[in-house]
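J.: No sequence on hand, only this structure:
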């Protein structure tokens, strides 16, 4: 029998494809999946174990209890200068479920969502599965800076939203204050949602500014965030969204009718994390050291490296060395010297590859050595 055309047409992830190929190659250096290698604070895990022993793990409130939502609101208000309340917050099974539920809440058939490229590939599929239409906006001519005049070229009367990743995956770029201010002035005049994926906000190498901090657009902004990157809690699957109350009322229904409720133990640890480890500066500093080290190494070799300002990625242009498609370049890099990266085409941008900085400095030094060997052949 015929299946849903949208899901049938979803391609297999190139990130997973390169990872699986690298796993079969002996002594390869894995720099593909954006999963932190740093362990969560031991106290968090110990708290979770004790909580599981002493509490009944029943259903949680749909969209999260008022307590955890208040903690999230207070966290954003303290660290990111926002003015939000618990009634703006919805808890999700990771920010990916949050993104999916947001699009199922705001989109009608053929509504358009502007997605700046390079982009995190699941964005497109989340939009398509909600029967929306993805409109890509190429930012390479502006060094990946998102500008109002570029948006103006692609916005139409069908545009329902624009989706940002800030700090960016795969680029590692983070918008500067003057760039944010310019965008906000533009959005004040537009009747569209601004969806900001801020999952890497805690890993920002310079002062981070959230779209939630601008009162003039608060009725248009939807923020996604979570604990996977900030606390290395990927497998706990706990994230959240921040949205205007009129959006949240429907967003809770969209999430509930997809996943029911949150994982009780994950919510408990997230509450403890917000209270005891709201920002883990050590994580940020480690990723910053890695990013700056490898960016310099690759720049000295002649690669065009996007300035790393946050997250734990490098987005690297290789046109000076090869004109081949990025998938071929990444496959050859893996086959010849055992370095596994993700081709830029996985993020909608040829002539680049992405490095996930999820290995320590000694292995990154070996990476630089192997890439040097590769380009000198």
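T.: Yep, it's here. As the structure is a prediction and not an experimental result, all values here were calculated from the model.
J.: ranges for the helices of the stretch 51-200 of the chain?
T.: 66-80, 94-106, 122-129, 148-154, 177-187 (DSSP state H, counting those that start in this stretch).
J.: Give me whichever of those helices is most buried.
T.: Highest mean neighbour count among those (mean count of other Cβ atoms under 10 Å): helix 94-106, with a mean of 24. To be clear about C-beta, it is placed using only N, CA and C from the backbone, and glycine gets the same treatment.
J.: Which residues does that helix contact?
T.: Helix 94-106 is touched from outside by 90, 92, 113, 122-123, 126-127, 129-130, 132, 160-161, 193, 195, 197, 199, 222, 224-226, 228, 237-241, 243, 247, 250-251, 254-255, 258-259, with contacts defined as Cβ atoms under 8 Å, 6 or more residues apart in numbering.
J.: Now, of those residues, which are buried?
T.: Neighbour counting by 16 or more other Cβ atoms under 10 Å classes 90, 92, 113, 123, 126-127, 129-130, 132, 160-161, 193, 195, 197, 199, 222, 224-226, 228, 237-241, 243, 247, 251, 254-255, 259 among the contacts of helix 94-106 as buried.
J.: Which of the contacts of helix 94-106 fall within strands?
T.: 90, 92, 113, 160-161, 193, 195, 197, 222, 224-226, 239-241 (DSSP state E).
J.: Nearest to residue 339 among those residues?
T.: residue 197 (27.5 Å; Cβ to Cβ).
J.: Tell me the bridge partners for the closest one.
T.: residue 165, residue 224 (DSSP bridges).
J.: what sits against it?
T.: 95, 99, 120, 163-166, 169, 224-225.
J.: Out of the residues you listed, which comes closest to residue 59?
T.: Distances from residue 59 to those, taken by Cβ to Cβ, are shortest for residue 95, at 21.4 Å.
J.: Check the closest one and give its pLDDT.
T.: At residue 95, the model reports a pLDDT of 95.
J.: And for residue 247?
T.: The model's pLDDT for residue 247 equals 98.
J.: orientation of the helix or strand bottoming out on mean pLDDT in the chain relative to helix 122-129 in degrees?
T.: None of the helices or strands of the chain scores lower by mean pLDDT, DSSP states H and E than helix 14-23, at a mean of 79. Angular relation of helix 14-23 and helix 122-129 on a 0 to 180 degree scale: 130 degrees, by axes from the mean of the first three to the mean of the last three Cα atoms, to 10 degrees.
J.: Give me the residues contacting helix 14-23.
T.: 28, 30, 32-33, 121, 327, 330-331, 334, 338, 340-343, 345-346.
J.: Could you find the closest non-adjacent residue to residue 76?
T.: Distances taken as Cβ to Cβ, 6 or more residues apart in numbering put residue 82 closest to residue 76, at 4.6 Å, once the chain neighbours are dropped.
J.: what about that neighbour, distance to residue 74?
T.: 10 Å (Cβ to Cβ, to the nearest Å).
J.: do residue 303 as well
T.: Distance from residue 303 to residue 74, by Cβ to Cβ: 42 Å.
J.: same check, this time on residue 125
T.: Residue 125 is 33 Å from residue 74, where distance means Cβ to Cβ.
J.: go on, residue 371?
T.: Separation of residue 371 from residue 74 (Cβ to Cβ) stands at 44 Å.
J.: Taking the ones in strands among the contacts of helix 94-106, tell me the two that lie furthest apart.
T.: 160 and 226 (23.4 Å).
J.: who touches the longest helix seen in the chain?
T.: Looking across the chain with DSSP state H, the single longest helix is helix 281-301. For helix 281-301, contacts defined as Cβ under 8 Å, 6+ apart pick out 36, 38, 172, 202-205, 230-232, 305, 307-308, 311-314, 316, 355, 357, 359-361, 364-365, 367-368, 371-372, 375.
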